[in-house]
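Chemist: Got a predicted structure here, sequence first:
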Amino acid sequence: MLGGVSLRRDYRSFDFVLLGLVLLLCAFGAVMVYSAIFGHSDWYREQNPRIVAIFPRHIVFLVTGIAIMFIAAFVDFRFICKFWVAFYVINLILLILVWYAGRDADVERWLRLSDFGIPAPEWVSIQPSEFTKLFSIIYLAMMVDMFKDRINELKVLLLIITAAVIPVILIVLQPSLSAGIVALSILGCVLYVGKIRFLYIGIAFIVGGALIFWLNYELTVENPLILRHLLPGGLTEGGILQEYQLNRMRGFLGLNVNETLLDQNIRSLQAMKSGGLFGNGFMNNPIVVFIPHNDFIFAIIGSEFGFFGSVLVISVMMAIVFKCLYISHKTPFLYAKIIAASVGVMFAFQTFLNVSVVMGIMPNTGMAFPFISAGGSSMWINLASVGLVINIGMTKQKLMFE
């Protein structure tokens, strides 16, 4: 019973098409991660010896992720969503823990289980910012459903936005701008499906446009008025932004171009161009691409399978997005509708960011390609999200005489 409406589970409505599309991308992704690592130049592996261990790690997270997907598909989503407050609290705790125990070469984003006395290999770690994506979809959907009759009241709207922005701020401070951007896109989808007034949407676009104009101005002047306070040494000792993030933005605008970042983008475009229409063939990429297994795996796809292979991969990804939106459209329950639509938007936005970076349309954001890029937490969350959408698709409204 949900809001006075009786529900039933119809396992005959299990979406095998969505499942098949996701598993197809996952299998192709595993093949491409292998090619990106072992089909790359010996020089690149010599310079990055730890990259060889990424493939078996990817397979472990892929297999366990598929198990998580089936659990999310068959444990009633209404039961899962009952714990939305707990998800919010756990999300904040994980993001705060990153400040104290998170470790990586340049940034603090990962929590290694071994750091907490849990017997696990060194490479077994989680990235809390990835968990924020699915957790935020669930708790924001529940909040909107709770206040659906008052969603356009300013105080209610501010409450929902504040709940969403607090985790985003913690993510950006790690720093992880890309994950923060995705979380904001999820907020936008949640509010749109929750039927926020178009007046507020218009205001958001105006504010967003003004921020982009301001950022462009700040990056082009020698002595920025505000950005200098956000760098290390300003506001707080560590600041909010890191210099490398500003360099990525400056490089995108053609200002003070960092040679390493420029070389990375040039190599990516060269790899895509070398593939032509049909590609150079599997494990036959002539261009050395940095971070080929994750951020720039789409460049490897373009190099080995060409334009047609790249289009086919994007088409499969878009089919997954449309399946999520279709399930959102047909479910009669608001929070289920929001969850399914937000998952689709999350996949679409992540794909857009990844491909845009590879094609040189946007500065490098560090965003993985869903289901294809090597990853641990990201693979778990993406597959769990698919399971939740399949779950929603199997829940029907019970008719009076059933």
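Modeler: Thanks, I have it. Numbers count the residues shown, from 1 in each chain.
Chemist: which residues does the residue positioned nearest the centre of the chain contact?
Modeler: Averaging the C-alpha coordinates of the chain gives a centre point, and the residue nearest to it by Cα atoms, centre = their mean is Gln350 (5.1 Å). Contact analysis of Gln350 by Cβ atoms under 8 Å, 6 or more residues apart in numbering lists Val182, Met367, Ala368, Phe369, Pro370. Yep, even glycine has a C-beta here, placed from its N, CA and C like the rest.
Chemist: What does the pLDDT read for it?
Modeler: With respect to pLDDT, Gln350 scores 93.
Chemist: separation between it and Ile381?
Modeler: Distance, Gln350 to Ile381, using Cβ to Cβ, to the nearest Å: 11 Å.
Chemist: got it, and Tyr34?
Modeler: Distance from Tyr34 to Ile381, by Cβ to Cβ: 22 Å.
Chemist: Tell me which of the two has more neighbours.
Modeler: Each of Tyr34 and Ile381 has its neighbours counted (other Cβ atoms under 10 Å); Ile381 has more, 25 against 18.
Chemist: thought that one was touching Phe131?
Modeler: Yes: counting by Cβ atoms under 8 Å, Ile381 does reach Phe131; the two are 6.3 Å apart.
Chemist: Off-centre distance for the helix or strand containing Ile201?
Modeler: Secondary structure assigned from DSSP states H and E places Ile201 in helix 198-220. Centroid separation between helix 198-220 and its chain, computed with Cα atoms, centre = their mean, to the nearest Å, is 23 Å.
Chemist: try stretch 45-57
Modeler: For stretch 45-57, the distance to the chain centre is 23 Å (Cα atoms, centre = their mean).
Chemist: can you give me the mean pLDDT across it?
Modeler: 79.
Chemist: For burial, what's the neighbour tally of the closest residue in space to Asn152 that isn't next to it in sequence?
Modeler: If the residues on either side of it in the chain are set aside, Asn152 comes closest to Arg197, at 5.0 Å by Cβ to Cβ, 6 or more residues apart in numbering. When neighbours are defined as other Cβ under 10 Å, Arg197 has 12 of them.
Chemist: pretty sure Arg197 is touching Leu154, no?
Modeler: No: taking Cβ under 8 Å as the definition, Arg197 is not a contact partner of Leu154, at 10.5 Å.
Chemist: Among the contacts of Gln350, which pair sits farthest apart?
Modeler: Using Cβ to Cβ, the contacts of Gln350 span at most 13.0 Å, a distance reached by Val182 and Phe369.
Chemist: State the helix or strand in which Asn354 lies.
Modeler: Assigned by DSSP H and E, Asn354 belongs to helix 334-358.
Chemist: Repeat that for Ile54.
Modeler: Here Ile54 sits within helix 54-74, counting by DSSP H and E.
Chemist: Any idea how far that helix is from the middle of the chain?
Modeler: Mean-position distance between helix 54-74 and its chain equals 16 Å (Cα atoms, centre = their mean).
Chemist: now do stretch 32-49
Modeler: For stretch 32-49, the separation from the chain centroid amounts to 25 Å (computed by Cα atoms, centre = their mean).
Chemist: Which parts of the stretch 201-350 of the chain are strands?
Modeler: Applying DSSP state E, counting those that start in this stretch to the stretch 201-350 of the chain gives no strands.
Chemist: which residues of it score low on pLDDT?
Modeler: Along the stretch 201-350 of the chain, segments meeting pLDDT under 70 span 216, 219-263.
Chemist: can you map out the helices along it?
Modeler: Assigned by DSSP state H, counting those that start in this stretch, the stretch 201-350 of the chain shows helices spanning 227-230, 243-253, 259-274, 297-330, 334-358.
Chemist: Out of the ones you listed, which gets nearest to Cys189?
Modeler: Closest to Cys189 of those, according to Cβ to Cβ: helix 334-358, at 4.2 Å.
Chemist: Name the residues of that closest one that are buried.
Modeler: Buried residues in helix 334-358, counted by 16 or more other Cβ atoms under 10 Å: 334-355, 357-358.
Chemist: how about Ala204, what does it touch?
Modeler: For Ala204, the contact set (Cβ under 8 Å, 6+ apart) comprises Gly188.
Chemist: Among the helices of the stretch 201-350 of the chain, which comes closest to Tyr11?
Modeler: For Tyr11, the closest of these is helix 297-330, at 15.1 Å, according to Cβ to Cβ.
Chemist: quick check: angle from the closest one to helix 334-358?
Modeler: Helix 297-330 runs at 160 degrees relative to helix 334-358, counting by axes from the mean of the first three to the mean of the last three Cα atoms, to 10 degrees.
Chemist: Helix 297-330 packs against which elements?
Modeler: With contacts defined as 3 or more Cβ pairs under 8 Å, 6 or more residues apart in numbering; DSSP states H and E, helix 297-330 has these neighbours: helix 16-38, helix 259-274, helix 334-358, helix 377-393.
Chemist: what's the helix holding Ile54 packed up against?
Modeler: Using 3+ Cβ pairs under 8 Å, 6+ apart, helix 54-74 is in contact with helix 16-38, helix 377-393.
Chemist: tell me the mean pLDDT over the shortest one?
Modeler: If I follow you right, that is helix 377-393. 94.
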